[in-house]
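Trainee: Here's a sequence, model it:
(one chain, ligands or ions: 2)
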Amino acid sequence: MSLEKIKAGIRDVPDFPHPGIMFKDLTTVFKNGNDLQEIASMLYDKYKETGLTKIVGIESRGFITGPILAEKLGVGFVPVRKKGKLPADTIEESYSKEYGVDIIQIHKDALNADDVVLLHDDLLATGGTMKAAYNLVKKFGVKTVYVNCLVELDFLKGRDTLEEANEVYSLIHF
Ligand SMILES: O=P(O)(O)OC[C@H]1O[C@H](OP(=O)(O)OP(=O)(O)O)[C@H](O)[C@@H]1O
Ligand SMILES: Nc1ncnc2[nH]cnc12
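Mentor: Ligands and ions are numbered 1, 2, ... in the order given. Prediction:
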């Protein structure tokens, strides 16, 4: 029920950042404390029994709810950042997304083979970003990778790129 309310609160911004893109703006949800608590609590219930050891959040919007959930679960938070932002040695992947191309990086010492990882972002569109992040995480030899987004744009079929993941779970679908 409250997920429907949260969904209704997401702002559509036409033609951002490029003509033809309907941007799903979650700042209208994040500014509401009750909505933020509701999201954190639903994700906590979903992942509390999975044995997660790390949440890997994707810059920049995965840095909003990722650390909130990490704190609630008592696990670590690892940033995946756009190229040139992380200070120590990194590995990287290039990718295409709904509105452009990019390169993401993760620190070489961020994870190890014993980690159980939740890859987290605000939104799954074509899946280009999440698949690139998945490829990075797999390079550490981790056995389990869960994928979570707050919002999934079903018509772009991003989850089809993530069939190898243990599970792809989104709270809200358009
Ligand atoms: O599924 P895809 O087609 O790859 O698109 C999804 C990605 O696009 C957005 O990030 P963006 O690159 O705009 O970066 P930002 O969060 O820093 O604004 C969004 O937060 C996802 O990370
Ligand atoms: N339509 C969209 N709205 C918000 N973020 C996005 N990232 C990729 N496509 C997006």
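
Trainee: residues in contact with stretch 26-41?
Mentor: Stretch 26-41 is contacted by residues 2-3, 5-6, 9-11, 61, 64-65, 68-69, 72, 122-123, 150-151, 171 when judged by Cβ atoms under 8 Å, 6 or more residues apart in numbering. Any C-beta I mention is one placed from the backbone N, CA and C, and that applies to glycine too.

Trainee: and those residues, which are buried?
Mentor: Listed as buried from the contacts of stretch 26-41 are 6, 10, 61, 64-65, 68-69, 122-123, 150-151, 171; burial here means 16 or more other Cβ atoms under 10 Å.

Trainee: Among those residues, which ones are in strands?
Mentor: 122-123, 150-151, 171 (DSSP state E).

Trainee: Pick the one among the residues you listed closest to Glu49.
Mentor: Distances from Glu49 to these, taken as Cβ to Cβ, are shortest for Leu171 (17.8 Å).

Trainee: That closest one and Ser2 touch, don't they?
Mentor: No: judged on Cβ atoms under 8 Å, Leu171 makes no contact with Ser2 at a distance of 10.5 Å.

Trainee: partner residues bridging the closest residue to Gly84 other than its chain neighbours?
Mentor: Closest residue in space to Gly84, ignoring its immediate chain neighbours: Gln105 at 7.9 Å, by Cβ to Cβ, 6 or more residues apart in numbering. Gln105 forms beta bridges with Arg81, Glu92, as assigned by DSSP bridges.

Trainee: Just confirm Gln105 contacts Val80, I think it does.
Mentor: Yes: judged on Cβ under 8 Å, Gln105 makes contact with Val80 at a distance of 7.1 Å.

Trainee: Return the residues of the chain in contact with ligand 2.
Mentor: Applying Cβ under 6 Å from any ligand atom, we find that the chain lies next to ligand 2 at 21-24, 97-98, 123, 125.

Trainee: Including secondary structure, distance to Val56 and pLDDT, could the residues you listed go into TSV?
Mentor: Shown next, in TSV, are these (DSSP: H, G, I helix; E, B strand; the rest coil; distance: Cβ to Cβ, whole Å; pLDDT from 0 to 100):
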residue	secondary structure	distance to Val56	pLDDT
Ile21	coil	26	97
Met22	strand	27	98
Phe23	strand	24	98
Lys24	strand	22	98
Lys97	strand	17	96
Glu98	coil	21	94
Leu123	strand	16	98
Ala125	coil	18	98
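
Trainee: out of the residues you listed, which is most surrounded?
Mentor: Neighbour counts for the residues of the chain next to ligand 2 (other Cβ atoms under 10 Å) peak at Leu123, which has 23 neighbours.

Trainee: residues in contact with the nearest residue to that one once chain neighbours are set aside?
Mentor: Spatial nearest neighbour of Leu123, chain neighbours left out: Val151 (4.6 Å); criterion: Cβ to Cβ, 6+ apart. Counting by Cβ under 8 Å, 6+ apart, Val151 touches 10, 24, 26, 122-124, 170-174.
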